[in-house]
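Colleague: Attaching a predicted model along with its sequence, questions to come.
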Amino acid sequence: MTERTNDQNTCDQELMEKSAGPSADAVTVAEKPSRRKFLGASALAGIAGASTALVGELAAPPRAEAATSMPEDYVAPGKLDEYYGIWSGGQSGQVRILGIPSMRELIRIPVFNVDFGIGWGITNESKRVLGKDFPLGGDTHHPHFSQTDGHYDGRYIFINDKANSRVARIRCDVMRTDKIITIPNTQAIHGLRVQRVPRTGYVFCCNEFRVPHPNDGRDLNDPKKYFTLYTAIDGDTMNIAWQVHVDGNLDNTDADYEGKYSAATCYNSEGAINAAGMMRNERDWVVVFNIKRIEQAVKRGHYKTIGDSKVPVVDGRHGSDLTLYVPVPKSPHGINASPDGKYVTANGKLSPTVTVMSWAKIDDWFAGKLKKPRDVVVAEPQLGIGPLHTTYDGRGNAYTTLFIDSQIVKWNIDDAIKHYQGQKVNYIRQKLDVAYQPGHNNSSMGESRDADGKWLVSLNKFSKDRFLPVGPLHPDNDQLIDISGEKMKLVADASVWCEPHDCTIVHRRVLFNKVKRIWKRGDPFFAETAAMAKKDGVTLEKDNKVIRDGNKVRVYMTSTAPTFGLEEFTVKKDNEVTVTVTNIDTIEDLSHGFCMANYGINFEISPQETASVTFVADKPGVHWFYCTFFCHALHLEMRSRMLVEA
Ligand code: K7E
Ligand code: CUA
């Protein structure tokens, strides 16, 4: 294996600078030293009012770039990755799958977005998932796998849409979105995590923004009356189980390893409506939710409902025995349970600290054994400026992103606890520069009992000079870091389209044999379409038929490389036409497409899949429909005609 050394990098850099000419050279040299400082300062400007201690830190000179080396098990052509990475697609509203360690993007799963490639938002099957009058996009942040007893079980991926307050579920066997729900009584679903034990079970969501309830025009400018809710969804049915009325707002959430608690961070305990107000208090809090007690309260009918929604809303504000409010330093952001099942950390964001709480002590609190909510805190290590998210290696170490410092800090949990108890120990193991401004990080298998401490991904919001310039909008930079040894080693940069926020990394054994290579006939994804065909007396796998039903025309056809089952069909102008295509090829990877020229319609049909589209034939004339996936040497010839009579 060739080692990629620093010298090698310098060589590459020199070569590039030479070929780019003297002016490019000058820019590189002039910008390099100041870059880290500049970003730090601009990020700080955004949080005016942060303590002066932060400013002191920022003035420190930039650190040396980290060494880069190829890993021993670099994925050569034809080899398969060892891990799947499930990436949020950010403002694209999708989910992406990357291979790790190659960091190659393998596929995109349309979720809240419209996708012309596979016809998401175009086919009837996808519209049934998206619902009526669906918004055209979404802002995804947190993709998380379902679990059973704290292990990834490869059934589902859940993902939030902050923009339109929705949550979606993706079936891992076909990697297709199968449910999307809008959360009632909310604005902006942000944090999302799953119940680990006994299984998922609940999907927990943070409703971020405080609004009046019901939000129907009342109390418009009376922020004191605004509030928000914590939501638990039943992951099996995708119905809302319950909601909790809380104080403050909500940001991120995570659950324990016993099925007793979940917890959420709050960055606006002030209930303010602008940034200055939201930063006023020195402390905000973490809310811990007692799941059993909430379930009992719902069972006993101790709840209210809001507006038209039937969802039970229990009262979890200060003073309630359903919740615990733990004061933590200013504006915490990420919250992350450790895979040993013992701790949960709240990341300081505007404070250089991370607060470590013990689930056992939280037990003690709810049993009435502790005096003060802060008694559940077992450590509060000082890590650096702008801690946002923490992940773990399963060997007792934690890895926290420092947004303003542009670093990942590796620290030891036990040592941080000893330090909190007054012992003189250094809990910081290493600080690694990342490029630049990391938000989330995630480790391989890191959100399960099986955290294996092999890989870490740092999801950096800024890429600045790491890639060829591609216009004013820069890609994000997600960096792969080898954490298998004592020292973290930066391995690769990967450019990503805005703005992934978060990812989850699972070993391929979780999914490899669960993922289908071709569809199974009778799959529920197109069951409703199959039922319609049955009513029309059509056998999808062999019939090519046109059914006329008043103004409606239903066209059924097969596709097999390189032909559609029908060479033509005729409709009248303004007929409502439904075209249903069944790909009867049985060969893996042999997809066809159906594109109707000048009608804005395209969708993909994988082997053994049925997909359909409904449209109004409002343009008279000859319209060719053609296959859009290169399926055969005669792929271009795979086209037929729709004749629309005037
Ligand atoms: Cu960007 Cu998880 Cu939405 Cu932190 S969140 S960075
Ligand atoms: Cu079928 Cu190209």
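Modeller: Sure thing, it's come through. Not measured: the values here are computed from a predicted model. Ligands and ions are numbered 1, 2, ... in the order given.

Colleague: For the rest of this, base every contact and every neighbour count on C-alpha atoms.
Modeller: OK.

Colleague: tell me what whichever strand or helix holds Ser443 is packed against?
Modeller: Element membership for Ser443 (DSSP states H and E) is strand 438-443. Counting contacts by 3 or more C-alpha pairs under 8 Å, 6 or more residues apart in numbering; DSSP states H and E, strand 438-443 packs against strand 387-392, strand 397-402, strand 455-460, strand 503-507.

Colleague: ok, then the element right after the second one?
Modeller: Proceeding N to C from strand 397-402, the next assigned helix or strand is strand 407-412, under DSSP H and E.

Colleague: what helix or strand is Gly154 on?
Modeller: Counting by DSSP H and E, Gly154 is found in strand 151-161.

Colleague: re the thing from before, format the helices and strands packed on strand 438-443 as a markdown table; extra columns: mean neighbour count and mean pLDDT.
Modeller: Shown next, in a markdown table, are the helices and strands packed on strand 438-443 (neighbours: other C-alpha atoms under 10 Å; pLDDT from 0 to 100):
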| stretch | mean neighbour count | mean pLDDT |
| --- | --- | --- |
| strand 387-392 | 30 | 98 |
| strand 397-402 | 27 | 98 |
| strand 455-460 | 29 | 98 |
| strand 503-507 | 24 | 98 |
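
Colleague: Out of those, flag the one nearest ligand 1.
Modeller: Of all these, strand 387-392 sits nearest to ligand 1, with 6.0 Å by C-alpha to the nearest ligand atom.

Colleague: Just checking: what are the partner strands of that closest one?
Modeller: Sheet pairing here is set by DSSP bridges, and for strand 387-392 it gives strand 397-402 (antiparallel).

Colleague: What lies in contact with the strand it pairs with?
Modeller: When contacts are defined by C-alpha atoms under 8 Å, 6 or more residues apart in numbering, strand 397-402 is touched by residues 384-392, 407-413, 437-441, 458.

Colleague: cutoff 7 Å now
Modeller: The contact list for strand 397-402 (C-alpha atoms under 7 Å, 6 or more residues apart in numbering) reads 384-392, 407-413, 438-441.

Colleague: Enumerate the residues of this protein near ligand 2.
Modeller: Contact residues (C-alpha under 6 Å from any ligand atom) of the chain with ligand 2: 561-562, 592, 627-631, 635, 638.

Colleague: Drop everything from the residues you listed that is not in strands and list the rest.
Modeller: His592 (DSSP state E).

Colleague: Turn the residues of the chain next to ligand 2 into a markdown table, columns for neighbour count, distance to ligand 1 and pLDDT.
Modeller: Shown next, in a markdown table, are the residues of the chain next to ligand 2 (neighbours: other C-alpha atoms under 10 Å; distance: C-alpha to the nearest ligand atom, whole Å; pLDDT from 0 to 100):
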| residue | neighbour count | distance to ligand 1 | pLDDT |
| --- | --- | --- | --- |
| Ala561 | 19 | 44 | 96 |
| Pro562 | 18 | 45 | 97 |
| His592 | 30 | 36 | 98 |
| Cys627 | 27 | 39 | 98 |
| Thr628 | 20 | 36 | 98 |
| Phe629 | 19 | 35 | 98 |
| Phe630 | 16 | 38 | 97 |
| Cys631 | 18 | 40 | 97 |
| His635 | 17 | 43 | 97 |
| Met638 | 24 | 44 | 97 |
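
Colleague: Show me which residues of the stretch 501-646 of the chain sit near ligand 1.
Modeller: Contact residues (C-alpha under 6 Å from any ligand atom) of the stretch 501-646 of the chain with ligand 1: His501.

Colleague: hmm, back to that, the strand holding Gly154 and ligand 1 in contact?
Modeller: No. Between strand 151-161 and ligand 1, judged by C-alpha under 6 Å from any ligand atom, nothing touches; the nearest distance is 9.4 Å.

Colleague: so what strands line up beside the particular helix or strand that has Asp254 in it?
Modeller: With secondary structure defined by DSSP H and E, Asp254 is part of strand 253-255. If you go by DSSP bridges, strand 253-255 pairs up with strand 261-266 (antiparallel).

Colleague: neighbouring contacts of the partner strand?
Modeller: Residues outside strand 261-266 that contact it (C-alpha under 7 Å, 6+ apart): 248-256, 284-291, 331-333, 335.

Colleague: got the CA positions of it in PDB?
Modeller: Backbone C-alpha positions of strand 261-266 (Å, rounded to 0.1, in the frame of the first residue of the first chain) are rendered in PDB as follows:
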ATOM      1  CA  TYR A 261     -35.700   7.900  28.900                       C
ATOM      2  CA  SER A 262     -35.100  10.200  26.100                       C
ATOM      3  CA  ALA A 263     -33.600  13.700  26.400                       C
ATOM      4  CA  ALA A 264     -33.500  16.900  24.400                       C
ATOM      5  CA  THR A 265     -31.500  20.100  24.400                       C
ATOM      6  CA  CYS A 266     -33.100  23.600  24.700                       C
END
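
Colleague: Check which helices and strands the next helix or strand after that strand sits against.
Modeller: Note on strand 261-266: by DSSP H and E, the next helix or strand toward the C-terminus is helix 275-278. With contacts taken as 3 or more C-alpha pairs under 7 Å, 6 or more residues apart in numbering; DSSP states H and E, helix 275-278 sits against no other helix or strand.

Colleague: That concludes my questions; thank you for your assistance.
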